[in-house]
Every structure is written in C-alpha cells, then in structure tokens.
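Q: how does the following fold in three dimensions:
(one chain, ligands or ions: 2)
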Amino acid sequence: MKPFISRTRPFARTALTGALLLSLTAVTACTATGAQESGSSTTESSSTSSSTSSSATSSRNAAEPRDVTANDFPVNITESTHPAANPPAEGELRVTLLGTGSPIPSTERFGFSVLVQAGENNYVVDAGRGAIVRLIQAGVEAGQVDGLFLTHFHSDHVLSIDDLWMTGYVPAFGGREGAFDVYGPEGVTNIVDNLREAFQNDVDVRVADGELERDTTGIEAHEFTEDGVIFDEDGLKVTMFDVQHDPADVIQPAKGYRIDYEGKSVVISGDTIPNENVATYGKDADILIHEVAAFQDRNVLPQVISHHTTPDQAGEIFAQAQPKLAVYSHFVNGIPGKVEGISDEEMIARTKENYDGEVVLGQDLMSFLITDEDIEVTDQAGLAELAAE
Ligand SMILES: [Zn+2]
Ligand SMILES: [Zn+2]
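A: Numbering: from 1, shown residues only. Ligands and ions are numbered 1, 2, ... in the order given. Below is the predicted model of the structure:
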C-alpha cells in the first residue's frame with residue numbers, strides 16, 4: 001500500500017481562517033448537484049452542466065482543484081490512497097461518507113451509507129446501493145466491517161446488506177471471522193433471517209467447494225425495541241433514537257444514531273422530517289450529518305418534500321444543535337428528467353436562512369477525522385490530490 005500523505009484541511013469552529021473558508025467554498029462549489037447530474041437525457045445533461053458551471057464560476061478561483069468524484073478512486077484495496085485505508089490514531093474518530101445519495105440511481109451519489117472508524121474497528125451505518133464499492137475504494141475490505149447499524153428499512157438503506165455480508169465472508173475480500181452483526185430497530189431479525197434463507201445456496205456451494213468454512217458465513221441480528229444505548233464496545237457507544245420519516249408517522253421504524261468515542265461524537269439523522277430528537281441528540285456533537293431534500297420550486301412534489309427535511313428546516317435543526325460541523329448527506333436534489341434541483345450555492349443559502357455556521361455538502365468518499373483539537377476535512381481538494389496519486 002502506498003504511504004498516505006495527509007492533505008486534509010483542519011477545521012476549527014472558533015478559528016476559521018481565510019484558507020479554510022476558501023477550502024470550504026471549494027467544497028460547496030465543486031459538489032455535484034447529484035440528482036441533476038444523473039439526468040438521463042443529453043439535453044438535460046447539457047443544460048444542467050451549463051447552469052452548474054455558471055453558478056460555480058462566481059466562487060471559483062485559481063486555487064480551486066479540478067473536478068473529481070469518488071469514481072476517480074480505483075476499486076482496488078491495495079491501491080487505495082484514501083485516508084480511511086489506515087486506522088485512525090488512538091482516541092481519534094474517522095467518519096467517511098460512502099454514499100450520499102437517495103433511491104435515485106446515480107453514478108456520482110451511491111446509496112446512503114457511512115463508515116465510522118474507531119481504533120482498529122470499522123462500523124457502517126446503513127447499506128445503500130454500492131456501499132461495498134465505496135468501501136473498497138476507501139481501502140477497507142468487506143470482511144473488515146465489524147458491525148452494521150440500520151436506521152430504517154427503505155430500499156436505499158438496505159440494498160447492500162447482503163453484499164456486505166456475503167462478499168465479506170469470501171476469503172479474497174477480507175474473509176470475515178465469525179458472524180456479520182447487524183444492529184437496529186424492530187424488523188432487523190426478520191430481514192436477517194430471510195437473507196440467510198434466500199442466499200443459503202451461496203454458503204452451501206462455497207463450503208462444498210472447499211472455498212470457506214461454514215462458521216465464517218453467519219449473519220446475526222441484534223434487534224432493539226427501545227431507544228437508548230444499543231452498543232457499547234471498545235470505547236465506542238451507539239445510541240439509537242426515534243425520528244419521524246413522514247407526517248402520519250406510518251414509516252416505522254425510523255431511527256437516527258449518535259455515536260460517541262473518546263469524547264468525540266457523530267450524529268446521523270436518518271431519513272426524517274424536521275425532528276426535535278435530532279437537535280437533542282445532536283447537541284454539541286462534533287459532526288451532525290443530516291439528510292436534505294430540495295427542489296428549485298419549493299412547492300413542487302409536496303408528497304416527497306413532506307417526507308424529508310428542506311435546507312431551511314435543516315438550518316433550524318443545526319441552529320438548535322450547534323454541532324461543530326454540519327454536514328449534508330442523503331441528497332434528494334431534484335428528480336432527474338422531471339423536477340429541477342438547486343445549485344450548491346442555493347442549498348447553502350437556503351440553509352443559512354436559519355443557520356449561520358458552516359455547512360458542508362457531503363460527497364461520496366468525503367472524510368472527516370475528529371481529533372482532540374479539531375475536525376480535519378478531506379474535502380474536494382484533498383480527494384482530487386489523493387485520487388491523482
Ligand atoms: Zn433514504
Ligand atoms: Zn427512507
């Protein structure tokens with residue numbers, strides 16, 4: 001493995017430097033308006049790219065990196081130059097956005113998934129489409145994932161459970177020892193039991209073929225009916241809390257997570273409408289990762305918007321929680337070919353209607369290292385340099 005050279009940019013809430021502001025501006029300027037970019041028609045793509053470049057021009061400057069996406073990283077564990085390829089130092093917590101998308105199939109924004117690394121342990125929250133590809137690009141084998149936590153069971157959060165489980169027990173991809181542990185609210189057991197049954201043949205034929213031992217192929221559910229601390233191992237504590245995914249509250253379960261480790265914390269909103277619990281559990285967190293949905297016309301598709309949080313609403317949550325760093329992931333930004341999304345600048349502007357702190361628009365493979373001193377963001381510029389190595 002190539003030695004990793006840190007090119008991250010330190011973040012300190014109380015000491016925002018000009019350079020930092022510049023780098024964060026670069027992040028927002030370069031962040032793809034995911035849903036728009038995956039437009040299916042040539043006409044739409046070209047009109048989108050012209051509007052994207054014109055909107056980005058105002059904040060671009062000579063220091064800005066070339067455009068780069070997670071797709072610039074090879075899907076090859078031995079060649080990964082991503083910071084997540086090495087475990088964080090003792091006491092540090094690393095958070096990497098594996099997928100920042102929604103149910104909309106996109107090559108730029110894979111399905112929602114977050115990698116959390118503490119010590120030698122790797123945990124994943126939600127398993128959206130393509131999670132394992134991003135995981136390998138980040139330099140982590142499927143077999144090295146120590147646990148998966150699920151917020152809810154919409155397809156865009158569970159599609160890769162089987163992939164993480166089954167690819168992870170193949171010796172060539174990390175060769176997990178013992179069972180794959182899946183944690184979450186009521187319903188996890190049902191999913192796990194049925195996955196085990198659905199894919200029994202893969203286990204049977206690989207064992208019969210002498211490729212692996214049966215006791216490495218397990219998948220185990222850890223189901224919790226009550227909110228609270230559901231995991232506490234090796235200094236890492238995971239707290240599950242209720243959120244609300246729709247106005248009638250019929251999408252059940254719907255959870256968020258707070259993860260604490262050595263005085264560091266990251267909170268993940270899950271899919272939710274504006275919810276007090278996110279502000280409460282996100283209070284003073286180092287990083288608050290919130291879902292977001294926005295259309296150019298704020299009044300279009302109310303049935304979609306009513307199941308998510310708009311940037312101005314998220315701004316209110318951020319203002320209450322006051323995290324050290326607010327981050328967006330799970331973007332529902334327009335519907336390709338149907339509904340126009342908004343630019344990155346507009347996303348920031350709408351957020352700042354209610355929040356005056358910094359907001360980072362997440363991208364696949366963007367990474368955050370929480371240390372005793374600050375939060376180092378491997379942003380667009382850092383990823384471009386790493387991908388070029
Ligand atoms: Zn979702
Ligand atoms: Zn959902």
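
Q: near Glu108, how many other residues are there?
A: Using other C-beta atoms under 10 Å, Glu108 has 20 neighbouring residues. (C-beta placed from N, C-alpha, C; glycine too.)

Q: could you check which helix or strand contains Val124?
A: strand 121-125 (DSSP states H and E).

Q: quick one: check that strand for contact with ligand 1.
A: No: Strand 121-125 lies apart from ligand 1 when judged by C-beta under 5 Å from the ion; the minimum separation is 12.3 Å.

Q: what does the stretch 151-300 of the chain put close to ligand 2?
A: His154, Asp271.

Q: how about 8 Å then?
A: Contact residues, the stretch 151-300 of the chain versus ligand 2 (C-beta under 8 Å from the ion): Thr151, His152, His154, Asp156, His157, His245, Ile251, Ala254, Gly270, Asp271.

Q: what segments of this protein are helices?
A: 18-30, 34-37, 42-57, 131-137, 155-158, 161-169, 188-198, 200-208, 276-281, 302-305, 311-321, 344-351, 380-388 (DSSP state H).

Q: export these to TSV and tack on mean neighbour count, mean pLDDT and distance to ligand 1?
A: Formatted as TSV, the helices of the chain follow (neighbours: other C-beta atoms under 10 Å; pLDDT from 0 to 100; distance: least, C-beta to the ion, whole Å):
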stretch	mean neighbour count	mean pLDDT	distance to ligand 1
helix 18-30	18	33	22
helix 34-37	26	36	13
helix 42-57	14	30	23
helix 131-137	26	97	13
helix 155-158	21	98	4
helix 161-169	22	97	14
helix 188-198	15	98	16
helix 200-208	13	98	27
helix 276-281	20	98	15
helix 302-305	12	93	11
helix 311-321	22	98	15
helix 344-351	20	98	18
helix 380-388	21	82	24
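
Q: dump these to a markdown table, plus distance to Thr107.
A: Below are the helices of the chain laid out as a markdown table (distance: least, C-beta to C-beta, whole Å):
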| stretch | distance to Thr107 |
| --- | --- |
| helix 18-30 | 16 |
| helix 34-37 | 8 |
| helix 42-57 | 12 |
| helix 131-137 | 11 |
| helix 155-158 | 15 |
| helix 161-169 | 17 |
| helix 188-198 | 26 |
| helix 200-208 | 27 |
| helix 276-281 | 29 |
| helix 302-305 | 22 |
| helix 311-321 | 24 |
| helix 344-351 | 18 |
| helix 380-388 | 15 |
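
Q: wait, which of those helices is closest to Val116?
A: Closest of those to Val116 is helix 131-137, at 12.1 Å (criterion: C-beta to C-beta).

Q: contact partners of that closest one?
A: Residues outside helix 131-137 that contact it (C-beta atoms under 8 Å, 6 or more residues apart in numbering) are 70, 73-77, 80, 82, 98-99, 110-111, 113, 115, 124, 141-142, 145, 160, 163-164, 167, 364-365.

Q: ok so, going back, Ala89: which of the helices of the chain is closest?
A: Among these, helix 380-388 comes nearest to Ala89, with 17.7 Å by C-beta to C-beta.

Q: what is the strand holding Val124 packed up against?
A: When contacts are defined as 3 or more C-beta pairs under 8 Å, 6 or more residues apart in numbering; DSSP states H and E, strand 121-125 sits against strand 113-118, strand 147-149, strand 236-242, strand 255-261.

Q: what residues does this structure have near ligand 1?
A: For the chain, the residues in contact with ligand 1 (C-beta under 8 Å from the ion) are Ser102, Pro103, Gly111, Phe112, Gly128, His152, His154, Asp156, His157, Asp271, Glu291, His330.

Q: now the contacts of helix 131-137: which count as buried?
A: 70, 73, 77, 80, 82, 98-99, 110-111, 113, 115, 124, 141-142, 145, 160, 163-164, 167, 364-365 (16 or more other C-beta atoms under 10 Å).

Q: could you list the low-confidence segments of the stretch 1-150 of the chain?
A: Regions of the stretch 1-150 of the chain meeting the criterion pLDDT under 70 cover residues 1-66.

Q: select, out of the helices of the chain, the one closest to Gln296.
A: helix 344-351 (8.0 Å).

Q: what packs against the closest one?
A: For helix 344-351, the elements it packs on are helix 18-30, helix 42-57, strand 287-294, helix 311-321, strand 325-333, strand 359-361, judged by 3+ C-beta pairs under 8 Å, 6+ apart.

Q: that older thread, and the helices of the chain: which comes nearest Ile259?
A: Closest among the helices of the chain, once you apply C-beta to C-beta, is helix 276-281, at 10.4 Å.
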